[in-house]
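Undergrad: Let's see this in three dimensions:
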Amino acid sequence: MRRSDLRVLGAALTLIGAALGTDAAAAPERVVSLNVCTDQLAHLLAAPGQLVSVSSLAHDPRSSAYAEALQGIPANGGGAEEVVLLEPDLILAGTFTTLATVQMLEGLGHEVALFGPVTSLEDVTDNMARMGTLLGREAQAEQLIAEFERALRALPPLSDGPRTLLYYPMGSTSGRGTMADALLQAAGLTNIAAEMGLRFGTLHLEEAVLSAPDLILTPAPYARPTRATDLPGHPALRQVAPVHRIEAGAAWSCETPALLDAIADLRALAEELE
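TA: Residues are numbered from 1 along each chain as shown. You can find the predicted model right below:
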């Protein structure tokens, strides 16, 4: 073999070796999650034993749609010292949670991947793909995305559904540019807060009544009575429109197939009002 051929072969083997090394580095063996949404998405895509710790909310069915499935994975308290002792290769966190912990872990040289809240169905598939890449589970992510998009395409188009008021504790609501609004749109419901030009905001009881909704959606109340939940349960609202409690609220916020269950529930409500 000529020397020039050897150089070409050597260069090719070097590139192959580098590619293999990159693939290995892209598949962390010990992953710790500090956020309830990354808990669930990592659970859906991780290899067995790859996800070694999840946030304290992962086991709470009010916050996690996969709480039962995640019971077998130990929960962490979100403290930097605790996370370091877990010897993670990769740490998953949300952009608005455990900020002090994230800053300390990054300062210690740990790899931290931040995920922002999803606000559209497009964000959902983007985050699925990103998580697959981080975990070295691209094929599994592609399959999850394909199944999710197939289910969305199977939904018959709907529009002009009941005008719906999302009414949360203290009179807060969600409008345009939020995942809640995206779910209402996918279900064919009209979001009153979006009509008002709101993204996030607060409506006084009088404003809520005067918005003349066809349907009012409120979260399930806490186990103990609180003043925060008094307003969504006010009798005046029930005089205006049916008030429906969102019992499966954990399905509404994170980038998982549970969003499809939320859309199905909303469509069923819309059909009941026809």
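
Undergrad: helices or strands next to the helix or strand containing residue 262 in the packing?
TA: Taking DSSP states H and E as the criterion, residue 262 maps to helix 258-273. On a contact count with 3 or more CB pairs under 8 Å, 6 or more residues apart in numbering; DSSP states H and E, helix 258-273 meets helix 138-153, helix 179-186, strand 215-219. No exception for glycine: its C-beta is placed from N, CA and C like everyone else's.

Undergrad: Pipe those into a markdown table and attach distance to residue 37, mean pLDDT and mean neighbour count per row.
TA: Shown next, in a markdown table, are the helices and strands packed on helix 258-273 (distance: least, CB to CB, whole Å; pLDDT from 0 to 100; neighbours: other CB atoms under 10 Å):
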| stretch | distance to residue 37 | mean pLDDT | mean neighbour count |
| --- | --- | --- | --- |
| helix 138-153 | 15 | 97 | 14 |
| helix 179-186 | 10 | 95 | 22 |
| strand 215-219 | 17 | 94 | 22 |
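
Undergrad: right, and the ones you listed - which one's nearest residue 83?
TA: Nearest of those to residue 83, taken as CB to CB: helix 138-153 at 24.4 Å.

Undergrad: Downstream of the closest one, the next helix or strand is which one?
TA: strand 163-166.

Undergrad: quick one: average confidence on that following strand?
TA: Taken as a whole, strand 163-166 has a mean pLDDT of 97.

Undergrad: mind checking how far it is from the chain centre?
TA: Relative to its chain's centre, strand 163-166 lies at 22 Å (CA atoms, centre = their mean, to the nearest Å).

Undergrad: again with stretch 37-52
TA: 13 Å.

Undergrad: Then stretch 241-261?
TA: 12 Å.

Undergrad: ok, back up a step: dump the helices and strands packed on helix 258-273 to TSV, plus distance to residue 78.
TA: Converted to TSV, the helices and strands packed on helix 258-273 look like this (distance: least, CB to CB, whole Å):
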stretch	distance to residue 78
helix 138-153	26
helix 179-186	23
strand 215-219	23
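
Undergrad: buried sites along the helix holding residue 262?
TA: 258, 259, 260, 262, 263, 265, 266, 267, 269, 270 (16 or more other CB atoms under 10 Å).

Undergrad: List the contacts of the first one.
TA: In other words, residue 258. By CB atoms under 8 Å, 6 or more residues apart in numbering, the contact list for residue 258 reads 40, 65, 66, 250, 251.

Undergrad: Would you quantify the distance from it to residue 136?
TA: Residue 258 sits at a distance of 24 Å from residue 136 (criterion: CB to CB, to the nearest Å).

Undergrad: returning to what we had before: which of the contacts of residue 258 lies at the shortest distance from residue 126?
TA: The closest of the contacts of residue 258, once distances to residue 126 are taken by CB to CB, is residue 40, at 15.9 Å.
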